[in-house]
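Q: Can you look at this prediction? I've put the sequence above it.
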Amino acid sequence: EPGAATNILIRGGNSISASNQPLYVVDGFIGAGDLNLIDPNDIESIEILKDAAATSIYGARGANGVVIITTKRGTEGGNSVTVNAYVGVQQVAKRLEMLNAREYAEMLNQQDVAAGQEPSIENPSIYEKGTDWQDEILQTALMQNYQVAASGGNKDTRYYLSLSMFDQEGVIKRSGIRRYQTRLNLDRKIGNKVNIGANFQFSHSARKPNLVSLGGFDYQSSALANLRKKEEKSTTVYLGVFGDWEPIKGLKFKTSLGLNASTAKTSEYKPGSLPTMMQNKTKGEARINQSEGYSILWENTANYMKEIVEGHHLTVLGGYTLQFGRNEGLDLFGKNFTNDLLDWNNLSDAETKTRQIGSSASEWAIISYLGRINYSIRDRYLITLTGRYDGSSRLGKDNQFAFFPSAALGWRISEEKFMKRFTKLNNLKVRL
């Protein structure tokens with residue numbers, strides 16, 4: 001379905017009631033949400049963390065795995081401009097073989113005869129082919145994507161800027177999505193010890209979801225469902241700034257502050273001409289659901305790297321993070337309108353007794369202390385100790401804090417001398 005949310009499972013599902021989606025971290029921002037908001041052309045790398053030793057640094061939120069996405073940044077050198085574009089079409093690969101009107105009538109007569117009754121349809125041939133309801137539902141859909149990106153910089157300043165538009169029609173008529181996106185990443189070096197940067201992303205999409213189904217037998221009702229109208233609009237803005245300072249060789253302090261804000265609106269109208277509406281004597285039904293929210297993440301870390309003796313490397317990471325957010329929602333509903341001309345744009349015309357108004361609001365916060373120690377011997381034998389102490393407002397006051405420790409031992413077999421003869425094997429590691 002055009003614009004459907006990305007669904008990723010890491011090592012299968014862990015819950016039958018809660019979400020099995022992994023934690024998404026985009027350019028250091030935890031809980032970045034829908035991957036559809038990121039243009040694939042803007043992605044530099046994707047890393048999957050799946051075992052306990054790797055995900056424990058993210059606490060309980062990493063229980064389903066972690067997907068770390070790093071977007072492209074400018075590089076030192078000349079300026080460059082790239083253009084990506086493609087246009088294509090989509091269609092259903094194979095349609096279901098179904099009876100036409102005449103064949104369906106003949107089948108009904110055969111059922112009557114098998115039941116010992118007279119055929120109920122006197123002359124099936126008069127029905128000919130009838131309506132092909134798959135033709136009424138399906139279409140050859142156009143899909144197009146355009147992106148322009150510029151990047152470059154010098155030894156002190158670098159930039160990456162991209163603009164994109166994605167438009168996809170659905171193979172189901174009256175479904176599709178159009179999305180506009182822009183991204184700006186900036187990096188600035190101040191002297192030899194300080195680096196600062198900023199990330200900005202904007203995304204707006206308008207989506208018409210699929211309201212019919214190719215499943216079941218009632219294709220006529222499915223095709224008539226095209227009379228319904230539904231539209232989903234969403235806008236997301238992300239802004240992040242960061243800075244790091246290396247006072248001495250090997251010791252680096254980093255702080256970052258990020259804001260992720262979004263708004264979404266879903267509007268739906270069922271006209272009175274729908275069979276279900278006529279059956280219930282309802283003159284149209286409209287609903288508008290609107291939500292908005294934001295999340296702010298402040299993260300501070302200190303990282304120390306040192307070669308103690310030749311071949312022995314120690315890395316120590318410590319940090320403190322604070323993340324909080326707020327979400328609000330509004331739901332409006334009404335039915336029995338004077339006419340179907342204005343769809344959901346005139347809810348005040350709904351019959352007074354059918355009007356419904358609902359609203360909601362919620363706030364949350366997470367505070368965390370984290371640490372990790374990595375020790376390696378000649379890049380062959382690895383020891384990792386990790387711990388994260390989380391406090392969440394979503395839990396009861398007696399159980400708001402929890403500690404998530406982990407330990408791991410690794411042996412990079414591919415670095416051993418006896419493995420050098422296996423030239424096609426570049427990385428083999430065992431971890432416990």
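A: Perfect, I can see it now.

Q: Tell me the helix or strand right after the helix ranked longest in the chain.
A: Longest helix in the chain by number of residues, with DSSP state H as the criterion: helix 101-114. Using DSSP states H and E, the helix or strand that follows helix 101-114 towards the C-terminus is helix 133-137.

Q: Give me the buried stretch members for that next one, please.
A: Neighbour counts using 16 or more other C-beta atoms under 10 Å place 133, 136-137 of helix 133-137 among the buried residues. For the C-beta atoms, the positions are set from N, CA and C on the backbone; glycine is no exception.

Q: Rounded mean pLDDT for stretch 88-107, please.
A: In this model, stretch 88-107 has an average pLDDT of 90.

Q: Show the end-to-end separation of it, please.
A: Distance across stretch 88-107, first residue to last, is 41 Å (C-alpha to C-alpha, to the nearest Å).

Q: what's the spacing between it and its chain's center?
A: 34 Å (C-alpha atoms, centre = their mean, to the nearest Å).

Q: Can you get me a residue count around the residue lying closest to residue 378 once chain neighbours are set aside?
A: Setting aside the residues directly before and after it, residue 378 is nearest to residue 311 in space (C-beta to C-beta, 6 or more residues apart in numbering), at 4.1 Å. Using other C-beta atoms under 10 Å, residue 311 has 11 neighbouring residues.

Q: was I right about residue 169 contacting residue 144?
A: No: at 9.4 Å, residue 169 and residue 144 do not qualify as touching, with contact defined as C-beta atoms under 8 Å.

Q: out of the two, which sits in the busier spot?
A: The neighbour count for residue 169 versus residue 144, taken as other C-beta under 10 Å, is higher for residue 169 (21 against 15).

Q: Identify each buried residue in stretch 107-121, please.
A: By neighbour count on 16+ other C-beta under 10 Å, the buried set for stretch 107-121 is 109, 121.

Q: And that stretch, end to end?
A: End-to-end distance (C-alpha to C-alpha), stretch 107-121: 10 Å.

Q: cool, and stretch 371-391?
A: Terminal residues of stretch 371-391 lie 15 Å apart, using C-alpha to C-alpha.

Q: what sits up against it?
A: By C-beta atoms under 8 Å, 6 or more residues apart in numbering, the residues outside stretch 371-391 that reach it are 53, 56-60, 311-319, 366-370, 400-412, 415-416, 431.

Q: out of those residues, which are inside strands?
A: 312-319, 366-370, 401-412, 431 (DSSP state E).

Q: Filter those down to just the buried residues.
A: Burial by neighbour count, 16+ other C-beta under 10 Å: within the ones in strands among the contacts of stretch 371-391 this picks out 313, 316-317, 319, 366-368, 370, 404, 406, 408, 410, 412.

Q: Ends of stretch 129-138, what's the gap?
A: The first and final residues of stretch 129-138 sit 18 Å from each other (C-alpha to C-alpha).

Q: actually stretch 67-78, not the one I typed
A: One end of stretch 67-78 sits 32 Å from the other (C-alpha to C-alpha).

Q: Report the buried residues of it.
A: 67-69, 71-74.

Q: And for stretch 325-336?
A: Buried residues in stretch 325-336 (16+ other C-beta under 10 Å): 325, 332-336.

Q: now do stretch 285-299
A: Applying a neighbour-count criterion of 16+ other C-beta under 10 Å, one finds 285-291, 293, 295-297, 299 buried in stretch 285-299.

Q: Make JSON lines from the residues you listed and add distance to residue 48 and pLDDT to it.
A: Output for those, formatted as JSON lines (distance: C-beta to C-beta, whole Å; pLDDT from 0 to 100):
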{"residue": "285", "distance to residue 48": "44", "pLDDT": "93"}
{"residue": "286", "distance to residue 48": "43", "pLDDT": "94"}
{"residue": "287", "distance to residue 48": "38", "pLDDT": "95"}
{"residue": "288", "distance to residue 48": "38", "pLDDT": "96"}
{"residue": "289", "distance to residue 48": "34", "pLDDT": "96"}
{"residue": "290", "distance to residue 48": "35", "pLDDT": "97"}
{"residue": "291", "distance to residue 48": "30", "pLDDT": "97"}
{"residue": "293", "distance to residue 48": "27", "pLDDT": "96"}
{"residue": "295", "distance to residue 48": "23", "pLDDT": "96"}
{"residue": "296", "distance to residue 48": "26", "pLDDT": "96"}
{"residue": "297", "distance to residue 48": "21", "pLDDT": "96"}
{"residue": "299", "distance to residue 48": "21", "pLDDT": "96"}
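
Q: Just the ones of those residues in helices?
A: Among these, no member falls in helices (DSSP H).

Q: Would you map the strands across the stretch 251-400 of the chain?
A: Remark: strands assigned in the stretch 251-400 of the chain by DSSP state E, counting those that start in this stretch are 251-270, 285-309, 312-335, 356-377, 381-392.

Q: got the buried residues of helix 133-137 as JSON lines, with pLDDT and distance to residue 84 columns?
A: Converted to JSON lines, those look like this (pLDDT from 0 to 100; distance: C-beta to C-beta, whole Å):
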{"residue": "133", "pLDDT": "79", "distance to residue 84": "38"}
{"residue": "136", "pLDDT": "81", "distance to residue 84": "36"}
{"residue": "137", "pLDDT": "83", "distance to residue 84": "32"}
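
Q: export those residues to TSV and tack on distance to residue 87?
A: Putting the buried residues of helix 133-137 into TSV (distance: C-beta to C-beta, whole Å) gives the following:
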residue	distance to residue 87
133	29
136	26
137	24
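
Q: Nearest to residue 2 among those residues?
A: Set against residue 2, the nearest of the buried residues of helix 133-137 by C-beta to C-beta is residue 137 (14.9 Å).

Q: My read is that that closest one contacts residue 173, right?
A: Yes: Residue 137 is within contact range of residue 173, at 6.2 Å (criterion: C-beta under 8 Å).

Q: looking at the strands of the stretch 251-400 of the chain, which is closest to residue 341?
A: Residue 341 lies closest, by C-beta to C-beta, to one member of those: strand 251-270, at 10.6 Å.

Q: partner strands of the closest one, parallel or antiparallel?
A: Strand pairing for strand 251-270, using DSSP bridges, gives strand 229-248 (antiparallel), strand 285-309 (antiparallel).
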